[in-house]
Every structure is written in C-alpha cells, then in structure tokens.
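Asker: Output the structure for:
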Amino acid sequence: MTSSGTSDDFFSLNGLVALVIGASGGLGSAIAREFARRGAFVVLAGRRGDELRRLAKTISIFNTNVDTVIVDVTDQSSVRSAINGVLSKHGRIDVLVNAHGINFRAPAEEMPLSEWQKVLDVNLKGTFLTCQEVGKIMIKQGHGKIINISSTAAGRGFKWGYSAYSPSKAGVEALTRVLAAEWGKHGINVNAIAPYFVRTKINSEFLDNKNVFTDIIGSIPLERLGTPDDVAAAAVFLASRASDWINGEVLHIDGGRNVI
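Answerer: Predicted structure coming up:
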C-alpha cells in the first residue's frame with residue numbers, strides 16, 4: 001500500500017481512509033486524532049454517537065476530513081451495515097483499527113459466565129467480525145492495513161481478575177497471525193499492538209489502587225505507565241508505508257515489561 005505523501009515521508013497517512021472502531025475510548029480517540037493530524041480521512045466508529053460527534057468536533061479543528069458511524073461489533077448485521085456504509089460513502093477502506101474492548105475483573109472462581117462471555121464477544125468476536133467484513137473489501141482493493149489492539153495480558157498470567165480479558169486478547173493475537181498468513185497474498189498487512197497498562201478513563205480507578213500501582217510500576221523498566229499517545233504513535237507506524245514489510249507481528253508497547 002502506498003500513500004500520497006512525499007517519497008521520503010514514510011509516516012504520512014495523507015489521503016488514506018482509516019476506520020477506527022472504538023474511537024471514543026482512550027486509545028481509540030488518541031489513534032484517531034493522530035491519524036487525522038497526519039492527513040488521513042478518519043471514520044470514527046462505535047456505539048455512542050454523542051461521544052463520537054464530540055470527538056469529531058475536536059479533530060475537525062486541524063483536519064475537517066472526519067466522519068462518524070454507529071456500530072455494535074457483536075452484531076454481524078450491524079457490522080456489515082456500518083462497513084458497507086463507509087465503503088459506499090468513501091469508496092475504500094485503507095486502514096482498519098480495532099480499538100474496541102471491555103473488561104470485567106473478578107476472581108476466576110467468581111467470574112459470572114455472562115460477563116465472561118460478554119468480554120469474549122466484544123473483544124474477540126467483535127474483532128473477527130470487523131476484520132472479516134473489512135477484509136473482503138481489502139481483498140478486492142488489493143491492499144490494506146489492519147491493526148488490532150491486544151494487550152500484554154494476552155501472554156501473561158495477571159493476578160487482578162483477568163480470566164476473561166486475557167483469553168480474549170490471546171485470541172485476538174492468534175487471529176491476527178492467521179489473517180496475516182491468509183491475506184498477505186492480497187497485499188494486506190495484519191498486525192497487533194499489545195500495550196501494558198495505559199492510564200485511561202476506564203481504568204483510572206483500578207490504577208489508583210496504591211498496591212496495584214506499585215506492583216505495575218515495579219514491573220516496568222522505564223518506571224512509568226504508558227500514555228494513549230504512546231499507543232497512537234505505534235498505530236501510525238503500522239498504518240503507514242514504513243511498515244509495508246511487517247505482517248503478523250505483535251508490537252509490545254510496554255516500557256520494557258516484556259523483557260523481564
């Protein structure tokens with residue numbers, strides 16, 4: 001895939017149509033803003049239209065090329081309708097970011113099956129459904145980049161009630177590798193980003209627990225939490241032509257947590 005940026009601007013997203021699902025979340029919104037700042041036409045997708053519209057307004061200050069679409073990633077008909085609408089309006093989808101995700105923390109022996117299933121449905125099933133529908137479009141185009149948001153929890157046994165979240169993200173990483181293997185021949189790059197703990201609105205209360213915070217910081221060689229901008233920078237790399245020969249990889253954005 002090539003962008004319309006200058007030949008030496010490997011990180012330009014100028015002219016690309018990027019669909020960011022889960023755009024109203026802490027990571028999704030940061031990715032969407034940085035994509036727009038770098039010239040992409042960004043389509044913000046999620047369940048909460050009011051939040052998407054507020055985000056679109058802030059992004060339009062420096063890039064008017066922004067749109068919104070409502071989607072429930074757990075509903076196949078909703079996914080198909082939303083993505084077909086994006087294709088009809090914009091003609092193509094160059095980049096897909098799956099930044100949606102939920103968590104429900106409880107000890108494994110107390111985890112309600114309904115909550116466990118909900119986490120798997122949003123995080124894994126939802127990622128499969130969006131990849132499947134956008135993948136069909138990208139196969140016809142002969143190019144595309146898919147970026148799935150995973151977590152370091154996919155490969156580690158966290159002790160904070162992750163018996164639903166960790167398996168869901170492990171599945172996202174396995175799916176990423178399978179799609180990279182199947183779709184590489186169509187010019188499609190499928191990669192994932194696995195952040196460690198990043199402070200966002202959804203997990204601030206959890207991270208404000210002094211014992212948890214001390215444990216987490218003590219496990220990070222760089223001795224700080226991540227920021228949404230740390231993740232957004234990695235997403236720009238994977239969306240740009242700087243990553244054209246990277247496929248099926250999981251990029252750990254974790255301050256060095258993965259090495260110890």
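
Asker: ok now do the residue nearest the centre of the chain, which residues does it touch?
Answerer: Taking CA atoms, centre = their mean, the centroid of the chain lies closest to Ala99, which sits 2.8 Å from it. By CB atoms under 8 Å, 6 or more residues apart in numbering, Ala99 lies in contact with 20-23, 25, 27-28, 31, 149. C-beta here means a position set from N, CA and C on the backbone, and glycine is covered the same way.

Asker: and what of Ile147?
Answerer: Taking CB under 8 Å, 6+ apart, we find Ile147 in contact with 95-98, 191-193, 235, 238-239.

Asker: picking up where we left off before, considering the contacts of Ala99, which member attains the minimum pLDDT?
Answerer: pLDDT is lowest at Gly25 among the contacts of Ala99; the value there is 94.

Asker: didn't that residue look like it was pressed against Thr200?
Answerer: Yes - the pair Gly25 and Thr200 passes the contact test of CB atoms under 8 Å, sitting 6.9 Å apart.

Asker: ok, which stretches of the stretch 151-260 of the chain are strands?
Answerer: 188-195, 250-253 (DSSP state E, counting those that start in this stretch).

Asker: Counting by contacts, list what the last one packs against.
Answerer: Contact analysis of strand 250-253 by 3 or more CB pairs under 8 Å, 6 or more residues apart in numbering; DSSP states H and E lists strand 188-195, helix 228-239 as its packing neighbours.

Asker: about what we covered before: need the strands of the stretch 151-260 of the chain in TSV (columns: distance to Ile59).
Answerer: What follows is these, written out as TSV (distance: least, CB to CB, whole Å):
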stretch	distance to Ile59
strand 188-195	20
strand 250-253	22
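
Asker: among the ones you listed, which is the most enclosed?
Answerer: Highest mean neighbour count of the strands of the stretch 151-260 of the chain: strand 188-195, a mean of 26 (counted as mean count of other CB atoms under 10 Å).

Asker: can you give me the angle it makes with helix 228-239?
Answerer: Counting by axes from the mean of the first three to the mean of the last three CA atoms, to 10 degrees, strand 188-195 lies at 160 degrees to helix 228-239.

Asker: How many residues are close by the nearest residue to Trp160 once chain neighbours are set aside?
Answerer: Spatially, and ignoring its direct neighbours in sequence, Trp160 is nearest to Arg105 (6.1 Å; CB to CB, 6 or more residues apart in numbering). The tally of other residues near Arg105 (other CB atoms under 10 Å) stands at 16.

Asker: Burial check on Pro167, number of neighbours?
Answerer: Pro167 has 17 neighbours, counted by other CB under 10 Å.

Asker: Over to the one 5 residues further on?
Answerer: When counting by other CB under 10 Å, one arrives at 25 neighbours for Val172.

Asker: Contacts for the lengthiest helix in the chain, please.
Answerer: In the chain, with assignment by DSSP state H, the single longest helix is helix 165-183. Outside helix 165-183, the residues that touch it by CB under 8 Å, 6+ apart are 98, 101, 103-105, 119-120, 122-124, 127-128, 131, 135, 138-139, 146, 148-151, 153-158, 188-192, 194, 247-248, 250.

Asker: from those, which would you call buried?
Answerer: 98, 101, 103-105, 119-120, 122-124, 127-128, 131, 135, 138-139, 146, 148-151, 153-154, 158, 188-192, 194, 247-248, 250 (16 or more other CB atoms under 10 Å).
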